[in-house]
Each structure stands twice: as C-alpha cells, then as structure tokens.
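Trainee: what follows is a protein structure lacking sequence information:
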C-alpha cells in the first residue's frame, strides 16, 4: 500500500511539473484578486477556510477558487508546478519558506507572490492573512523558491 501511495505521489509530481509550465496572466491576476479579498481573515493552524486559514489551507483555497487543484500542505505544494527562482517570480506564483528557528532546510510556510517583492499569506505570527515584503530580513533570508501553478 505504501509503495502505491509513493508511486501516485511521484506520478502526480511528474504530471504537475510538465503541465504547469505556462504563465497564464489572466489566471494569475484572478488568483491575486481572490487572495486580496481575504486579507485580514483569521489564522488558525489546520484551517482551510473560508473564514479561517493556515498558510497552506489559504493557498489551496485560493487556487481551488480559481480552478487549480494543489496538495494540502506546504511541503507537497512546494513540489507542485514549475520551479521558479526568486528573480523570475510573477504575480500569482506560490512562494515557499523555511521559517524554522534552526533553518533546517525544509519548507514549512507558503504564500502567494503579488508583485513588487511582496506576498500575501496566512501568518501565524500576525494571526491573520497579511501582505509582507520579501525584502524584510525574516522572510528574505528564509525564502526557498517559488512555484508556478496553472489549471
């Protein structure tokens, strides 16, 4: 059973990385519009909306509203879609971070890039959905990569 699960995860990763390579400007703008409408909603670990969110529940909810199905947690989301370097980010791309105190090198936070070196995310520190700069030391130093998703 475990082997079948691993095979299915690997297969979905291969399919997602080959199908999510194009930038769909209309879709990405729709994702940003949807994301901004939820600014200020409360943060709650494990919540998937529509009134409370954790970071990956928020990104999954926004993507689903726009016809894009992505995995539930930030680590799996970080492997879905096309890998994007920070300098190549476009609005609507998912952005991933290692926010652990010891910076262990794994993804544990996700948000949505909105342009001008800013992203929107469900923040456990602020206890709500907020817009944050990528240039600030905390998130800037902990940025891992982006992913571009499409329907």
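Mentor: Sure thing, it's come through. Values in this document were obtained by computation on a predicted structure and should not be read as measured data.

Trainee: rest of the way, CA atoms for contacts and neighbours
Mentor: OK.

Trainee: any regions of this protein where pLDDT drops low?
Mentor: 1-22, 151 (pLDDT under 70).

Trainee: which residue ranges form the strands in it?
Mentor: All strands of the chain, identified by DSSP state E, fall at 42-43, 52-53, 82-84, 94-97, 109-115, 118-123, 128-133, 143-148.

Trainee: what about stretch 100-108, distance to the chain center?
Mentor: 16 Å (CA atoms, centre = their mean, to the nearest Å).

Trainee: does residue 134 touch residue 144 like I think?
Mentor: No - the pair residue 134 / residue 144 is not scored as a contact, 11.3 Å apart, by CA atoms under 8 Å.

Trainee: now do the helices in this protein.
Mentor: 2-19, 25-37, 55-65, 74-77, 137-142 (DSSP state H).

Trainee: which outside residues touch the third one?
Mentor: This means helix 55-65. With CA atoms under 8 Å, 6 or more residues apart in numbering as the test, helix 55-65 has contacts from 31, 34-35, 46-50, 69-74, 77, 94, 109-112, 121-123.

Trainee: so residue 81 makes contact with residue 149?
Mentor: Yes - the pair residue 81 / residue 149 is scored as a contact, 4.8 Å apart, by CA under 8 Å.

Trainee: so which of the strands of the chain is nearest residue 24?
Mentor: strand 143-148 (9.6 Å; CA to CA).
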